[in-house]
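A.B. asks: Let's see this in three dimensions:
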Amino acid sequence: MIRLLIAEDQALVREGLCALLALYDDLAVVAQAADGSAAVRALAEGLEVDVLLLDVRMPQGGALHALGELRTRGLETPTLLLTTFDDPAALQAGIALGARGCLLKDVPVEQLVEAIRLVAAGGSIPYRPLAQLPLSLTEREQSVLRELREGKQNKEIAASLGLSPGTVRNYISTLFEKLGVRDRAQAIRRLQELGL
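C.D. replies: All right, here's what the predicted structure looks like:
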């Protein structure tokens, strides 16, 4: 049985993860924490877990703070980072502090379960930011792709990046061509296949 501690500040996300992971016979969520500091306290007090699922961005004690505390206390808990945003600096810092890998929160549950099993068995998941996609993307295309991956519509992407909706449409058409896909759903699946 793989024992899990989930540290996530959003109760709905945390409870949803618990419900999904409870469907797998070899996984058991033994504790939850609303922030990284609470997770560190639980582990320091002797809670035994095989994998810590740690949200990167939390108002109180985010992932980097928690990983630093774990290292300071000599607690080597296999950790998998979960994030909504592809933030290369934060994720690379998390890996440098000992995290065994990171996943976006929109991955299929099967991919999350496979990652948990891999980390529990001593493995790790290489982090590859969008800049390392095996195709040539400009900085602006990478920005549009990040927004697209978060499920934003053209108008939202345009507002976020200071572009016109028409320009966003052009970028998305170019991205679809480079990824070899026809629509947004296929683009997201292709990014997941590439481990991004």
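
A.B. asks: Now residue 93: closest residue in space, sequence neighbours ignored.
C.D. replies: Of all residues not flanking residue 93 in the chain, residue 64 sits nearest, at 5.6 Å (CB to CB, 6 or more residues apart in numbering). Every C-beta, even on glycine, is put in place using the N, C-alpha and C of the backbone.

A.B. asks: Can you tell me the element the one you found falls in?
C.D. replies: Assigned by DSSP states H and E, residue 64 falls within helix 63-72.

A.B. asks: ok now that helix, how far from the chain's centre?
C.D. replies: When distances are taken as CA atoms, centre = their mean, to the nearest Å, helix 63-72 is centred 17 Å away from the chain's centroid.

A.B. asks: which secondary structure elements does it contact?
C.D. replies: helix 36-44, strand 51-55, strand 79-83, helix 88-96 (3 or more CB pairs under 8 Å, 6 or more residues apart in numbering; DSSP states H and E).

A.B. asks: as a whole number, average confidence for it?
C.D. replies: For helix 63-72, the mean pLDDT works out to 91.

A.B. asks: So that it lines up with my notes, have the first residue be 38 from now on.
C.D. replies: Shifting the count to begin at 38 puts that one at helix 100-109.

A.B. asks: so residue 206 makes contact with residue 192?
C.D. replies: No: here residue 206 does not reach residue 192: they are 10.6 Å apart, not a contact under CB atoms under 8 Å.

A.B. asks: More neighbours: which of those two?
C.D. replies: The neighbour comparison of residue 206 against residue 192 (other CB atoms under 10 Å) goes to residue 206, with 14 against 10.

A.B. asks: State the distance from that one to residue 136.
C.D. replies: Relative to residue 136, residue 206 is positioned 37 Å away (CB to CB, to the nearest Å).

A.B. asks: Then residue 42?
C.D. replies: To residue 136, residue 42 is 14 Å away according to CB to CB.

A.B. asks: Of the two, give the one with the bigger neighbour count.
C.D. replies: residue 136 (27 against 23).

A.B. asks: give me every residue that touches that one.
C.D. replies: 91, 100, 104, 116-118 (CB atoms under 8 Å, 6 or more residues apart in numbering).

A.B. asks: Give me the three-state assignment for it.
C.D. replies: State at residue 136, reduced to three classes by DSSP: H, G, I helix; E, B strand; the rest coil: coil.

A.B. asks: What values do phi and psi take at it?
C.D. replies: The phi/psi pair for residue 136 (degrees, to the nearest 10) reads phi -60, psi 140.

A.B. asks: And residue 76, what's its pLDDT?
C.D. replies: pLDDT, residue 76: 95.

A.B. asks: Confidence-wise, which helix or strand of this structure is lowest on average?
C.D. replies: Lowest on mean pLDDT, DSSP states H and E among the helices and strands of the chain sits helix 221-230, with a mean of 78.

A.B. asks: Among the contacts of residue 136, which one has the most neighbours?
C.D. replies: Of all these, the most densely surrounded is residue 91 (31 neighbours; neighbours counted as other CB under 10 Å).

A.B. asks: With that, I have no additional questions.
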